[in-house]
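**Student:** please work out how this folds:
(chains A and B)
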Amino acid sequence: MATEILMPALSPTMEEGTLAKWLVKEGDTVASGDILAEIETDKATMEFEAVDEGTVGKILISEGTEGVKVNTPIAVLLEEGEDASAAESAGTNKGEDAKAQVKEETKAKDTLPSDTPAAASPAAAAPKPPRTPDWPEGTETKTTTVREALRDAMAEEMRRSDNVFLMGEEVGEYQGAYKISQGLLDEFGPKRVVDTPITEHGFAGIAVGAAFGGLRPIVEFMTFNFAMQAIDHIINSAAKTLYMSGGQMGAPMVFRGPNGAAARVGAQHSQDYAAWYMQIPGLKVVMPYSAADAKGLMKSAIRDPNPVIFLENEILYGRSFEVPVLDDFTIPLGKARIAREGTDVTIVSFGIGMTYALEAAEKLAADGIEAEVIDLRTIRPMDTDAIIESVKKTNRCVTVEEGWPQGSVGGYISSVLMQEAFDHLDAPVINCTGKDVPMPYAANLEKHALVTTDEVVEAVRKVTYK
Amino acid sequence: MATRKTSDTGPAKGSNPAPKGSNIPAEELKHYYREMLLIRRFEEKAGQLYGMGLIGGFCHLYIGQEAVVVGLEAAAEEGDKRVTSYRDHGHMLACGMDPKGVMAELTGREGGYSKGKGGSMHMFSKEKHFYGGHGIVGAQVPIGAGLAFADKYLENGRVTFAYFGDGAANQGQVYETYNMAQLWELPVVFVIENNQYAMGTSVQRSTKSPSLWERGAAYGIKGEEVDGMDVLAVKEAGERAVAHCREGKGPYILEIKTYRYRGHSMSDPAKYRSREEVQKMREERDPIEQIRQVLLAGQHATEDDLKAIDKEIKEIVSESAEFSKESPEPALEELWTDIYAEEAPQEA
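**Tutor:** Predicted coordinates:
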């Protein structure tokens, strides 16, 4: 029976890609292991191998096609004895028998939380922020991924000051493990885009010394999980020196990289560090959600005279948002954004947590509950005024984050509200967090280990007694 | 790989070798004597103030190791940088920081280098290019390489001295740093102050390596062992190291064999070694006594000249002690300052 070959997911977070090149043509016989095509994503180029043997009956997607969604049939494979007419009817099989290895991954992908509203880009659906517009009305905007926004921000700041440089594993010749630094080596050369050996503790310390010495380092950690190797330098050397030196010298620098759970990468690669770094005086901690925030906050972080922890998210890298077309677009650190106006409850979140917060707000709106959603953007210093101001209006608060419950960002927000807005609260604050477990690998378990939109909806119903 | 021990580069051989130091101007020799004595007397005073309860917490004295920093400072040029561990008083005095500011920091006063907020282990001076004062064993090593990274990036010809002890020499980040410093040819001198004890654990009890500097060979870094009780030998080795760095050849390692007379910190009775061992070192190898003998034997100075220096040093140290007692405690508002910088620091 003819089977469809489906567009593969080359990584758990891939949603679409370019079919760059066919290496077989219709009529070719292929065996398991033969390379069929080259698939490109914004992150990587990969060869796609046949798993079954047969004859290429029909190529459904021609090479060079961009934006091919994962799971789209791209060709039909005929078994021995079948002719091309079988290819025509293969569509009905829906790839049932396509035992391509990618099928496994695609299946897993269906269960990912990132899958839910990703394409719809909830931010775009949200009303314009009324409190503090980040850019003048009427400004032209451009649809940009978070990945591109981060790269653009770094490039702009590197053009602005010769003393800004990027260092980390695979930032140069490889163009970034997550392609955040794509093109930077070409423009700025190896002096300013420095590939390091795999030695987080060492290069973090070297970067701190370089900051003491007058440079403005941007340190990329391939993920923040690996920054635990370097956390002594982040905290003891970078964050505390200004104080210990009586204000004589500090470490103006950015530590950045993906943070939190990606998808199916297990316990050691899936931790949200927002609450960890939030505790440290001397550090600023930024965790953007949208591409505009990623760009504007990154530029501010690079210019900031203090060490800044910039927590990105792998799942958000590929999402698109509107970014203003301005020569020098910055967003001040320490300022929250009202992502959605509402009167019944305040939902506070940041980073990828905003996905759940906004999605919950939409669901609740359908039931007549209007949630105000605050995107903190900066975790430290925290714009608690924005939260309190909103709670004075709504009298209820739910916090949303992927990190663990004990010592969470939400826990801190609760304590601030207890102390500074107790009389305005009509219900206890509820913290929606990741579960108190190391991240499991199994797709279904992972989904439940993270915070879910339903949990946010449920929490809001509790605090609104509806 | 070319490596050597300083014993290979001793005084010129001949039937009547000139007395040690005879080719060095008297003023320079006196400078070494004066600088080492300043550290010795300053540290003795710090020990006294600690005993009186004026200095608290950790206080790691440098007594016995004076020739290391004084010799290396003689090899440094204006603008060169230094960074070290928590046993840092000697380094600060040797690079020209004000003894009053250092002592007042030890007593936790407003007049201290960090306004009383750093303490014995955490002082800095931008003016003197002294970058701390770090309390985590080994952390200053990559920081030192980072300072050198900045200098190379800025192409300013400067060299950084990254000091660490035999204890820190077993930390992983030291070797991560060796690897990158050599890879990127950073102008940094790694100075291992081997005083033979990492707190209470002797080198023999912490490693089978016959020497610490030779570990650099694994990364292709040149180095040598130096007699750290001989300030002239330290200076000579320092000059070789600095020249290597300034010529753009990358890092250099100096393992300087020295000895700390006092305990690891004030609370350490140093029972892990015999009184005789310490006494023997003091009597036979003391760096200050050695240079004193060079001065007298070579007739570079008279007993009276040296007494005058002793008196001058005593006064400087007394003044610093007085200042450290009289300077007020920091205002309570200082608790809340210097946590975040408000403005961009000066670009280099």
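
**Student:** which non-adjacent residue is nearest the residue in the stretch 101-250 of chain B positioned nearest to chain A?
**Tutor:** Using Cβ to the nearest Cβ, the single residue of the stretch 101-250 of chain B nearest to chain A is B:Gly146, 1.9 Å away. (Glycine included, C-beta is placed from N, CA and C.) In space, B:Gly146 comes closest to A:Gly209 once its chain neighbours are excluded; the distance is 1.9 Å by Cβ to Cβ, 6 or more residues apart in numbering or on different chains.

**Student:** one more: B:Pro99?
**Tutor:** B:Ser320 (4.0 Å).

**Student:** and whichever strand or helix holds the one you found, how far out from the chain middle?
**Tutor:** Counting by DSSP states H and E, the secondary-structure element that holds B:Ser320 is helix B:303-326. Once both centres are worked out by Cα atoms, centre = their mean, to the nearest Å, helix B:303-326 turns out to sit 21 Å from its chain's centre.

**Student:** circling back: and the residue of the stretch 101-250 of chain B closest to chain A, which of the three is it?
**Tutor:** Here B:Gly146 is helix, with the state taken from DSSP: H, G, I helix; E, B strand; the rest coil.

**Student:** where does the prediction get shaky in chain B?
**Tutor:** In the prediction, chain B carries residues with pLDDT under 70 at positions B:1-17, B:344-348.

**Student:** redo that, cut-off 90
**Tutor:** In the prediction, chain B carries residues with pLDDT under 90 at positions B:1-23, B:209-210, B:263-271, B:342-348.

**Student:** what are the ranges of the strands in it?
**Tutor:** Ranges of strands in chain B, per DSSP state E, are B:4-5, B:81-84, B:130-133, B:160-165, B:188-194, B:197-198, B:201-202, B:222-227, B:252-257.

**Student:** redo the ones you listed as a markdown table? Include distance to chain A and mean neighbour count.
**Tutor:** What follows is the strands of chain B, written out as a markdown table (distance: least, Cβ to the nearest Cβ, whole Å; neighbours: other Cβ atoms under 10 Å in any protein chain shown):
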| stretch | distance to chain A | mean neighbour count |
| --- | --- | --- |
| strand B:4-5 | 28 | 14 |
| strand B:81-84 | 7 | 28 |
| strand B:130-133 | 5 | 27 |
| strand B:160-165 | 8 | 28 |
| strand B:188-194 | 9 | 29 |
| strand B:197-198 | 18 | 21 |
| strand B:201-202 | 21 | 14 |
| strand B:222-227 | 19 | 24 |
| strand B:252-257 | 16 | 26 |
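
**Student:** tally up the residues packed near the residue nearest to B:Gly146, please.
**Tutor:** A total of 34 residues lie near A:Gly209 under the criterion other Cβ atoms under 10 Å in any protein chain shown.

**Student:** wait, it touches B:Tyr153, no?
**Tutor:** No: taking Cβ atoms under 8 Å as the contact criterion, A:Gly209 and B:Tyr153 are not neighbours in contact, 11.4 Å apart.

**Student:** quick one, what contacts B:Ser318?
**Tutor:** B:Lys45 (Cβ atoms under 8 Å, 6 or more residues apart in numbering or on different chains).

**Student:** does A:Thr143 touch A:Phe321 like I think?
**Tutor:** Yes: counting by Cβ under 8 Å, a contact exists between A:Thr143 and A:Phe321, whose distance comes to 7.4 Å.

**Student:** compare the two (neighbour count), which wins?
**Tutor:** Here A:Thr143 and A:Phe321 are compared on neighbour count by other Cβ under 10 Å; more neighbours surround A:Phe321, at 23 against 12.

**Student:** report the secondary structure state of that one.
**Tutor:** Using three-state DSSP, the secondary structure recorded for A:Phe321 is strand.

**Student:** can you show me the helices along the stretch 101-250 of chain B?
**Tutor:** In the stretch 101-250 of chain B, the segments counted as helices under DSSP state H, counting those that start in this stretch are B:140-154, B:172-183, B:203-206, B:231-246.

**Student:** what residues sit buried inside stretch B:108-115?
**Tutor:** Neighbour-count burial for stretch B:108-115, with 16 or more other Cβ atoms under 10 Å in any protein chain shown as criterion, is recorded at B:108-115.

**Student:** residue of chain A nearest chain B, please.
**Tutor:** Among all residues of chain A, A:Gly209 sits closest to chain B, at 1.9 Å; criterion: Cβ to the nearest Cβ.

**Student:** out of the strands of chain B, which comes closest to A:Ala238?
**Tutor:** Taking Cβ to Cβ as the criterion, strand B:130-133 is the member of the strands of chain B that comes nearest to A:Ala238, at 12.3 Å.

**Student:** which other helices and strands contact the closest one?
**Tutor:** helix A:241-244, strand B:81-84, helix B:89-94, helix B:140-154 (3 or more Cβ pairs under 8 Å, 6 or more residues apart in numbering or on different chains; DSSP states H and E).

**Student:** give me the pLDDT for the residue nearest to B:Gly146.
**Tutor:** Per-residue confidence for A:Gly209 comes out at a pLDDT of 98.

**Student:** between helix B:231-246 and the longest helix along chain B, find me the angle.
**Tutor:** When secondary structure is assigned using DSSP state H, the longest helix within chain B turns out to be helix B:26-51. Orientation check (axes from the mean of the first three to the mean of the last three Cα atoms, to 10 degrees): helix B:26-51 against helix B:231-246 gives 100 degrees.

**Student:** using the three-state scheme, assign the closest residue to B:Ala139 other than its chain neighbours.
**Tutor:** Leaving aside its chain neighbours, B:Ala139 sits nearest to A:Ser237 (5.8 Å; criterion: Cβ to Cβ, 6+ apart). A:Ser237 falls in the helix class when you classify it by three-state DSSP.

**Student:** list the contacts of A:Ser237.
**Tutor:** Contacts of A:Ser237 (Cβ under 8 Å, 6+ apart): A:205, A:208, A:251, B:134, B:136, B:139, B:143.

**Student:** how about the closest residue to the last one other than its chain neighbours, what does it touch?
**Tutor:** Read that as B:Ile143. Counting by Cβ to Cβ, 6+ apart, the nearest residue to B:Ile143 once its immediate chain neighbours are dropped is A:Gly209, at 3.9 Å. Remark: with contacts taken as Cβ under 8 Å, 6+ apart, A:Gly209 is in contact with B:83, B:131, B:142-150.

**Student:** right, and B:Ile316 touches B:Met103 too?
**Tutor:** No: taking contact to mean Cβ under 8 Å, the distance of 10.2 Å between B:Ile316 and B:Met103 leaves them out of contact.

**Student:** just give me the neighbour total for A:Gln229.
**Tutor:** A:Gln229 has 19 neighbours, counted by other Cβ under 10 Å.

**Student:** residues near the residue lying closest to it once chain neighbours are set aside, how many?
**Tutor:** Across the structure, with Cβ to Cβ, 6+ apart as the measure, the residue nearest A:Gln229 apart from its sequence neighbours is A:Glu200 (3.9 Å). A count of nearby residues for A:Glu200, using other Cβ under 10 Å, gives 24.

**Student:** ok, A:Glu200 - contacts?
**Tutor:** A:221, A:226-227, A:229-230.
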